[in-house]
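Colleague: output the structure for:
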Amino acid sequence: MNKKSKTITLRISEVDYLELEAAAQKLELSISEYIREKSIPKFILL
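Modeller: Here you go, the predicted model:
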């Protein structure tokens, strides 16, 4: 099965961004890696 990637844009407040950035840094992840890890239980990735 071919795995395709898509780019999404999130419009969030600066405060939300800073919270995301801080949470990702605590786990030594990039923001995109952090979001990807946290999103897996919420979505079925095909």
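Colleague: quick one: the helices in this protein?
Modeller: 14-26, 31-39 (DSSP state H).
Colleague: rank these by pLDDT, which is bottom?
Modeller: Mean pLDDT is lowest for helix 31-39 among the helices of the chain, at a mean of 85.
Colleague: now that helix and helix 14-26, what's the angle there?
Modeller: 90 degrees (axes from the mean of the first three to the mean of the last three C-alpha atoms, to 10 degrees).
Colleague: leaving out chain neighbours, which residue sits closest to the residue sitting nearest the centre point of the chain?
Modeller: Nearest to the geometric centre of the chain sits residue 35, at 1.7 Å (C-alpha atoms, centre = their mean). Leaving aside its sequence neighbours, residue 35 sits nearest to residue 20 (C-beta to C-beta, 6 or more residues apart in numbering; 7.3 Å). Glycine gets a C-beta too; all of them are placed from N, C-alpha and C.
Colleague: hang on, isn't the one you found packed against residue 33?
Modeller: No. Residue 20 lies out of contact with residue 33 (C-beta atoms under 8 Å); the separation is 11.3 Å.
Colleague: of the two, which one has the most company?
Modeller: Neighbours per residue (other C-beta atoms under 10 Å) separate residue 20 from residue 33, with residue 20 holding more: 16 against 12.
Colleague: list the contacts for the more buried one?
Modeller: Neighbour list for residue 20: 12, 31, 34, 35 [criterion: C-beta atoms under 8 Å, 6 or more residues apart in numbering].
Colleague: mind pulling up the pLDDT for residue 29?
Modeller: According to the prediction, residue 29 has pLDDT 94.
Colleague: tell me how many other residues surround it.
Modeller: Neighbourhood size, residue 29 [other C-beta under 10 Å]: 15.
Colleague: list the contacts of it.
Modeller: Counted by C-beta under 8 Å, 6+ apart, residue 29 has contacts residue 37.
Colleague: equivalent analysis for residue 37, please.
Modeller: Neighbour list for residue 37: residue 29 [criterion: C-beta under 8 Å, 6+ apart].
Colleague: isn't residue 31 right up against residue 24?
Modeller: Yes. With contacts counted by C-beta under 8 Å, residue 31 reaches residue 24, the gap being 4.9 Å.
Colleague: in terms of neighbours, single out the busier of these two.
Modeller: Higher neighbour count among residue 31 and residue 24: residue 24, with 18 against 14, using other C-beta under 10 Å.
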